[in-house]
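Engineer: return atomic coordinates for the entry below.
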Amino acid sequence: MTAPSKLKSRASRSKKRLEIRHAARRDVPNIIAMMKRAYTNLPALTPGNLLGQITAFPEGQFVAEYEGQIVGYAATFRIDEATAFAPHSWAEITGGGHASRHDASGAWLYGMEVCVDPDWRGLRIGQRLYEARKRLAEELELKGVVFGGRLPGLSRRIREFKSAESYLEAVKSGKVRDQVASFQMGNGFEPIGLLEDYLPSDKESLGYAAHMVWRNPYVDQDTSAPKNAIHPKSWVRVATVQFQQRAVTSFEEFISNIEYFVDVVSDYKSDFVVFPELFTMQLLALEKGRLGPVEAIEALTKRTNPLVDALREMALSYNINIIGGSHPTRVSNGDIRNVAYVFLRDGSVHAQEKIHPTPNERNWWNIKGGEKIQAIDTDCGPIGVLVCYDTQFPELARRLVDEGAKLLFVPFCTDNRQGYLRVRYCAQARAIENQCYVIMSGNVGNLPGVENMDVQYAQSCILTPCDFPFARDGVAAETTENVETIAVADLDLSDIGWARREGTVRNLRDRRFDLYRLVWRDEAKSSK
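Structural biologist: Now for the predicted structure:
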């Protein structure tokens, strides 16, 4: 038995290999864990940063994987020549680390991050990641790669050389070896100057970076026209249901009402359908007697599991992604939260809690706010969900868009035109300022005998940015107000890319990252 055992051991060892591949969204937790091991004196990137990078330019994000473990990461995006060679900071050129300055027609590849697990530095992982960048630049026929490189030896030798410029000159001439800059020069990158205040948190480099360049030898630097990396038109069909509140006699009748609309929009080959906020309130008609507000919400929480099971099965059966409005749900700490469930056609279920309960929700129903918002992966790309009042807080939409969402779904519940217009105007603003699509779905009708849900007002709609490829007034489709019906629209996701890159205004790219940025509590904690 000894010989076969040894053979098996040798065979197992022979299968161990190092692979450089494109990063996927599923890799994000492992990349973050690796970065925290590598950066003991610098803040690591956040999950939101990585999600934004991978979504903006999936071809440009690389991981090094050894024996199934992430041991290295390199992030890149495309940028125009003028921006790449002008003075800049890391936060400014990378869009706060989200790669939101990515320009699909840019002639240069910008390297925003290379990180290697300190336990695996003997495998020349950094060199392999730099080579992957070069290969990508060659494949896309770009002019080359440019980035700001750290100078970790500067703080130790600043007294000797008096200035960062003198230190960099000594490194260039080979008189001094810098751990990072010398390595990058050994991999074919040339320092062309210094970037001041590039990364202020980098105390070892005193905030400076070497402006590094590698020029693609296969491209004429004077006349090259880079390959257009813009993807062909990418259509998504979305439907919004303007749902009438009515008394039902059984849970099965309620589910049948939902299924009717899912069946209709599925026949239209829709990719998504969205229902309104708190559309399950009509289930209170099944309760005996009139309940007070707190008792009513408590009764609804008991319907969560059968509701989730039914809509999960519906999404699978009808091959459609369902944004299931929202439903009061008791969470693990005992709080009741207003939760939007997202049922994907692969059978998976996601939950997005409403972050900002309205004063009425807090006072009448004791609903608490959620603590986390993030983009949800679908077969049509990442999406975001903002439940009604959440649209009135611009930071939430910006986070979702930075994580790659081009579609934002807004289930809402308003009782009069004033309330509706608050949500509508804010949703349109979110579409404009984030250059994305926003799909709204509201309740109509009335529920006599249900506290705080007496009457409803809605005009559901599908909103677009306001620029040339889109609808004239920024409305792709809308329903007649206060009538139970649906609205359907085809949305071209490539138009979003065009608007962000070449639009009349370019809100995402033109943000002043040198003046302000958005930092979330969970991101601040994860970077420590």
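
Engineer: show me where the stretch 201-350 of the chain dips below the pLDDT cut-off.
Structural biologist: Filtered on pLDDT under 70, the stretch 201-350 of the chain yields the residue ranges 223-233.

Engineer: let me see the ranges of the helices in the stretch 251-400 of the chain.
Structural biologist: 251-267, 293-301, 304-318, 359-365, 394-402 (DSSP state H, counting those that start in this stretch).

Engineer: buried stuff in the shortest one?
Structural biologist: If I follow you right, that is helix 359-365. Buried residues in helix 359-365, counted by 16 or more other Cβ atoms under 10 Å: 361, 364-365. Every residue, glycine included, has its C-beta placed from N, CA and C.

Engineer: any chance of those residues in JSON lines, with distance to residue 474 and pLDDT too?
Structural biologist: Formatted as JSON lines, those follow (distance: Cβ to Cβ, whole Å; pLDDT from 0 to 100):
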{"residue": "361", "distance to residue 474": "29", "pLDDT": "93"}
{"residue": "364", "distance to residue 474": "34", "pLDDT": "88"}
{"residue": "365", "distance to residue 474": "34", "pLDDT": "90"}
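
Engineer: next, format the helices of the stretch 251-400 of the chain as a markdown table and append distance to residue 217.
Structural biologist: Compiled in a markdown table, the helices of the stretch 251-400 of the chain are given as follows (distance: least, Cβ to Cβ, whole Å):
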| stretch | distance to residue 217 |
| --- | --- |
| helix 251-267 | 53 |
| helix 293-301 | 65 |
| helix 304-318 | 51 |
| helix 359-365 | 62 |
| helix 394-402 | 35 |
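
Engineer: spatially nearest residue to residue 496 (excluding sequence neighbours)?
Structural biologist: residue 406 (4.8 Å; Cβ to Cβ, 6 or more residues apart in numbering).

Engineer: mind listing what the one you found touches?
Structural biologist: 381-383, 436-437, 493, 496 (Cβ atoms under 8 Å, 6 or more residues apart in numbering).

Engineer: and if you look at residue 338?
Structural biologist: 277-278, 326-329, 353-354, 357, 361, 367, 387.

Engineer: with residue 431 instead?
Structural biologist: 408, 437-438, 463-465, 474.

Engineer: same deal with residue 393?
Structural biologist: 355-356.

Engineer: quick check: it vs residue 458, distance?
Structural biologist: The spacing between residue 393 and residue 458, counted by Cβ to Cβ, to the nearest Å, is 21 Å.

Engineer: go on, residue 123?
Structural biologist: 58 Å.

Engineer: and the two? Which one has more around it.
Structural biologist: residue 458 (30 against 15; other Cβ atoms under 10 Å).

Engineer: so how far is residue 240 from the more buried one?
Structural biologist: Taking Cβ to Cβ, one finds residue 458 at 10 Å from residue 240.

Engineer: mutual contacts of the two, please.
Structural biologist: 441, 479.

Engineer: residue 427 should be in a strand, yeah?
Structural biologist: No. Assessed with DSSP: H, G, I helix; E, B strand; the rest coil, residue 427 is helix; it does not lie in a strand.

Engineer: all further residue positions should be reported with the first residue as 35.
Structural biologist: Understood, numbering begins at 35; the last thing we discussed is residue 461.

Engineer: dump the residue contacts of it.
Structural biologist: 425, 442, 444, 472, 474, 497.

Engineer: just residue 206 next, same as before
Structural biologist: Contacts of residue 206 by Cβ under 8 Å, 6+ apart are 219, 225.

Engineer: flag every buried residue along the helix or strand harbouring it.
Structural biologist: Assigned by DSSP states H and E, residue 206 belongs to helix 198-207. Going by neighbour count (16+ other Cβ under 10 Å), the buried part of helix 198-207 is 198, 201-202, 204-206.
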